[in-house]
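> fold the following.
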Amino acid sequence: MNKKLTQSLAIALVLLSSTSFAATKDVIINANVVGTCAFADASPITIDFGSLQAGTAPANKTGIAQFWCSNGTSYTLTTNNGSNPTDTQKNLVSGGNKIPYSLVLDDKATGTGTGKNTAINVVLTATIAEAALEDAPVANNYTDTVTLTLNP
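Numbers count the residues shown, from 1 in each chain. Below is the predicted model:
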């Protein structure tokens, strides 16, 4: 019996010595999805009042800013005061002549995006009051440039 026990132990030792043990290690994969917003294209938006004259009703013209934001990303679209402000008053200019105007964004200027395939359209309404035209000097090409900022 001693001989059988010794043989069994010898076989067990041979099996144990030839058996290898695998080592394991976990791999953790991380990603941080960052919300973003982008305008639909790089072209400027043009709001053209055309020819205006004193004694006419207020002039309103619109344009559309189109953009998208990542799903679940809050955004705000804002304007600056343009290239020719007087304090916070936006002005169209021709040489030294100015015509004050306002630019208002509709209620979609603040919200939450739903993804790249869902365009958001914000209507921009520019208004020149009738009173602003009463004393406006006759001049061609009154202009201003306003910058839109889209913040996610």
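
> can you give me the helices in this structure?
For the chain, the helices defined by DSSP state H cover 2-18, 130-134.

> pLDDT weak spots in the chain?
Scanning the chain for pLDDT under 70 picks out 1-2, 5-19.

> now the strands for it?
37-39, 59-69, 74-79, 90-94, 97-105, 110-112, 120-128, 148-151 (DSSP state E).

> send the alpha carbons of the last one over as PDB?
Spelled out, it's strand 148-151. In PDB, the C-alpha atoms belonging to strand 148-151 read as follows (Å, rounded to 0.1, in the frame of the first residue of the first chain):
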ATOM      1  CA  LEU A 148     -23.900  84.800 -33.700                       C
ATOM      2  CA  THR A 149     -22.500  82.700 -30.900                       C
ATOM      3  CA  LEU A 150     -23.700  79.100 -30.300                       C
ATOM      4  CA  ASN A 151     -22.800  77.800 -26.900                       C
END
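
> and it, what does it pack onto?
Strand 148-151 is packed against strand 37-39, strand 74-79, with contacts defined by 3 or more C-beta pairs under 8 Å, 6 or more residues apart in numbering; DSSP states H and E. C-betas here are computed from N, CA, C, even on glycine.

> for the most centrally placed residue in the chain, which non-adjacent residue is spatially closest?
In the chain, the centroid-proximal residue (C-alpha atoms, centre = their mean) is residue 37; its distance is 2.9 Å. Leaving aside its sequence neighbours, residue 37 sits nearest to residue 69 (C-beta to C-beta, 6 or more residues apart in numbering; 4.0 Å).
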